[in-house]
Structure formats: structure tokens, C-alpha cells
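# I'll drop the sequence and a predicted model, then ask my questions.
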Amino acid sequence: MTTTDIDGFVLRGGDSWRSPWSSYRWLRDNDPVHRVDHPLLGRFWVLSRFGDVIDAARDTARFSSAQGLTPGPDSGVMFEDGTRPIVMMDPPDHTSMRRLVSRPMTPRMVSPIEPAVRAFVRERLDDVPAESEIDIVDVLFKPLPSFVVAHYLGVPSDDRVRFDDWTDSIVAANADADLESATDAFLGLFAFGSELIDRRRAEPGDDLVSLLVQSGEGAVSAGWIVGFVFTMVTGGNDTTTGLLGGAAALLTERLDQRRLLFDDPALIPGAVEELLRLTSPVQNLARTTTADVGLHGTTIPAGDKVMLLYGSANRDERVFGADAGELDVRRRIDRMVSFGYGAHHCLGAAAARLQAVVVLEELLSRFPDFAVDTEAGRFASGAYVRRYESLPFVARA
């Protein structure tokens, strides 16, 4: 079936992100292998059920990332030296590259940054006036992920302001699919990446760039390292912003669930898993089939793009029960696809979880009766990440 109304799939953006859930449920129940014939992007398919999405995510042999993560002809990105970003590589090449960068991003290795994250959050909240409306995305939810990405890349403190400016421009351009508008930011960031490599060769630290530089001559190229810096910027910022904004919205809609967290802060880490499930900041990404794939009586031809609809899979009643669309901070989450799954499980998952836990702890302890105005909130225009671009917030103790 091909359709562009609510009983189907559309590439969303802006206000159409406000409530895609009924469309997702229709797909799960009526057309779990949904064909789209897009006027610009051509034919692609949409998988919406949890089992199908998670199976495809971990089947890198039949569902390849090398042709890019969006619909349309080869949308993969190549760096100047001909290499691809790690997110657009398949095993075994992906495996060896991931091994180089994964260790500093494990939960045990991420935990030491918690005091710095908490200090950053407290400093930002110190400037929030009581009973006055602010944009919480601008004040906290956007700058915090940029701070954490800069930390992991080893960006010197003197360079943080311009790094943040580049990040803002690139994330906005990526959301609008208007990369030309951020040409200066791209050029600045790539030039800075090269400078950072030279600096870390002479003065290595405990950051990811130093780790890659010191990984052995020829293990990775300078071009690949610069590209990795770019990948961290584009992948580690708007996704966490989406989680934080979505969490604040859900906890405003469900004050009973917020009260549970306020009364028992030990529930917050588990609640973050539930909030990740429901917000699913990355709502969908594509793979390319390397062979014909038969599913639910439909054959997806080899070479076609397949959209994995994470935002739908995470609300599948077949896995999470009849109340899958409702927030339950006590829900036990065994598996979800908010961070992808398998070989391409998000490298920054532990860092994102840490940020969410700290933000919720600090918000609830300082402003337990905070409110966000979801109706006045504005969604970013990108078709793959669902996030508030602005969200009015009133601090109430």
C-alpha cells in the first residue's frame, strides 16, 4: 500500500512531529512492511513493529548502513580520503573502528564526568528566575550535550565558544537538510579538527581524539579522525536535546509519574529508560537491503532502502503491553531501540543516560513543580530526530 495521509508514513518535520503516534499504530496493525513511492526519494519501505525493526538493526549482512542512513539513492557520506563515517560502515570494517573508540564511552568510563555535568547543570539553573518563563532548550537542553561532546573530543576551554557556535549551525542545518547554509561552520569545524589532531599529537590527553591519534601509525587517517569529530557533533547533540525536551514534556503531562520520582529519586535511572523508550529521539533511520528480504508476505527487493521506524517499534503493544503509549516510570525495560541495536548501538548511549539522570535529579530537587508549555513548544524541522527546538519553561519550587 502507498499512501501519504495519516494511515501511512510521511517524512515529518516541524509541527508534524507533535503527535505521530496514531499513524505509527496504524502501520503496526495494518501495514507492517509499508511501501512508499516518494516523488523525490523514490521507493523505500518502512518497518514499524518492534520485532522487525530490532531484527533488521542487528542483521548487518542483509541490512547495510554503507549506502547511507536516509532514503533515496546512495546517501552515504565520504570524507576527503574516501573513508566513510563509522555510522555508515558495516562489519568487519565497522567492528575494528568501533573497537578504537568504544572503551571511553562505556558506563564505567563515562561516570567520572558526572561531577562536571552536574556542575554545568547547576550553573545553568542558578540563572533561571522563579516564576518567569524561559526557553529551557536554549538555557540547558541544547548547551549541555554540546558541553559533553566537547569534553569527549578534548576541545580546549578557550575554544569552547566557537565550537558551540559551529555545533549550533551544523545541527540546525542538518535538521533542515540545508547543509549549504552552514558552509562556514563546516569549514571552521574541519579546520579546527585538523588543528586538534596536531595539538593532540604533541600534547595527548585522555580524550577520543588523543586516543585515535595515538592508536598507531596508519590505524586511522587524519581525515577519518576529522570526520569522527563531525560525526560526534551531528550525532551527539540534537538527540540528547530531544530526550531532555521530550522527558520534560512527558513529566508535565503526567504529574502523578513526576511525583513518584520526586518522592523516590532512586527511581530516576529506571525512569530514564522509560523516557528514552517513549521519546525515541531518533525516530527513524534507513538501511539498504543486500538481498531480497521476505517479511509478512511481502518481498523487499535487494538494493532498496528500508526505514527502521524506531519511534513506532518502541511503542509496540506486542512487546510493551496494552499501555505501551503511556508513561510508567516503574516499567521494566528489557530491550528497546532508542539507541539502535547490535553493531550500531549508539556509542554515546551511556553519556546520554548520564545527562538525563543528572538533569532530572537537579530539576526535581530545585523546581519540583516546574511546567513546560508543550503547545507553545516548537519542533525542529528535521525528518529523523524528533526534538523541541524551543520549549517554554516556568520554574516553580
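The structure has been received and is ready for your questions.

# So, low pLDDT: which residues of the stretch 51-200 of the chain?
Where the stretch 51-200 of the chain drops to pLDDT under 70, the residues are 75-83, 173-182.

# now with 90?
Residues of the stretch 51-200 of the chain that meet the criterion pLDDT under 90 lie in 68, 72-110, 130-132, 152-198, 200.

# can you give me the helices for it?
In order along the chain, the stretch 51-200 of the chain carries the following helices (DSSP state H, counting those that start in this stretch): 93-102, 107-110, 114-126, 136, 143-153, 160-176, 183-202.

# Counting neighbours, which bits of the last one end up buried?
Which is helix 183-202. Counting neighbours by 16 or more other C-beta atoms under 10 Å, one finds that the buried residues in helix 183-202 are 185-186, 188-190, 192-193, 196-197, 199-200. Heads up, the C-betas are built off the backbone N, CA and C, glycines and all.

# ok, residues contacting that helix?
For helix 183-202, the surrounding residues in contact (C-beta atoms under 8 Å, 6 or more residues apart in numbering) are 153-156, 159, 162-163, 165-166, 169-170, 173, 179, 207, 209-210, 213-214, 222, 225-226, 229-230, 233.

# Nearest spatial neighbour of His151, chain-adjacent residues omitted?
Once its chain neighbours are removed from consideration, His151 has its nearest residue in Ile113; the separation is 6.2 Å (C-beta to C-beta, 6 or more residues apart in numbering).

# before we move on, back to that, could you dump the buried residues of helix 183-202 into JSON lines with distance to Arg315 added?
JSON lines is the format used below for the buried residues of helix 183-202 (distance: C-beta to C-beta, whole Å):
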{"residue": "Ala185", "distance to Arg315": "35"}
{"residue": "Phe186", "distance to Arg315": "36"}
{"residue": "Gly188", "distance to Arg315": "40"}
{"residue": "Leu189", "distance to Arg315": "36"}
{"residue": "Phe190", "distance to Arg315": "38"}
{"residue": "Phe192", "distance to Arg315": "40"}
{"residue": "Gly193", "distance to Arg315": "38"}
{"residue": "Leu196", "distance to Arg315": "40"}
{"residue": "Ile197", "distance to Arg315": "42"}
{"residue": "Arg199", "distance to Arg315": "45"}
{"residue": "Arg200", "distance to Arg315": "43"}
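
# what sits against Arg254?
The contact partners of Arg254, taken as C-beta under 8 Å, 6+ apart, are Leu327.

# separation between it and Gly68?
The spacing between Arg254 and Gly68, counted by C-beta to C-beta, to the nearest Å, is 37 Å.

# got it, and Thr234?
Using C-beta to C-beta, which is the criterion applied here, Thr234 is 13 Å from Gly68.

# Kindly report the same for Ala191.
Counting by C-beta to C-beta, the gap from Ala191 to Gly68 is 25 Å.

# One more: Asp164?
Here Asp164 is placed at a distance of 28 Å from Gly68 (C-beta to C-beta).
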